[in-house]
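Engineer: no sequence for this one, just the structure:
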């Protein structure tokens, strides 16, 4: 089977180089891209390095104002393509990932520090403490203050 596949690929490459018809070239290229995509999804080693770079950047800079445009510029991709590959590989969109990182850090700070809620809000990237509290409540089902008091 393996040699049959090799023969088919060699035949397609020969056709690609000898044809002048754009439709045939387009078909062959599309088939190759589809085959590569199938192989990439089988093997987890094919994670885009840009996704890993963005994740690392978010983990190190969750306290900053982060946007898809800014993150895409950081890894030299278009925002739509970064969003596409991030969701495909991570199973969640960039906004949800950023929120999850921030909420986990906020939870950690509530459990392990005596910082005021407003200071924690700013520390995890929310300049508006009300918006932070609303997001925390949506994420964990309780307000930050109640969460902290439950742990004591």
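Structural biologist: It's in. Here the structure is a predicted model, which is why all the values come from computation and not from measurement.
Engineer: Count the residues that sit near residue 7.
Structural biologist: Residues contacting residue 7 under the criterion other Cβ atoms under 10 Å number 10. Every C-beta, even on glycine, is put in place using the N, C-alpha and C of the backbone.
Engineer: Distance of it relative to residue 15?
Structural biologist: 13 Å (Cβ to Cβ, to the nearest Å).
Engineer: Also residue 90?
Structural biologist: 38 Å.
Engineer: residue contacts, the residue most central in space within the chain?
Structural biologist: Centroid-nearest residue in the chain: residue 86, 3.1 Å away (criterion: Cα atoms, centre = their mean). Applying Cβ atoms under 8 Å, 6 or more residues apart in numbering to residue 86 gives the contacts 51, 54, 93, 94, 97.
Engineer: could you flag which of these are buried?
Structural biologist: Restricting the contacts of residue 86 to buried positions leaves 51, 54, 94, 97, with burial counted as 16 or more other Cβ atoms under 10 Å.
Engineer: hang on, the second one packs against residue 71?
Structural biologist: Looking back up the chat, that one is residue 54. Yes: shown here, residue 54 and residue 71 form a contact pair, counting by Cβ atoms under 8 Å, at 5.2 Å.
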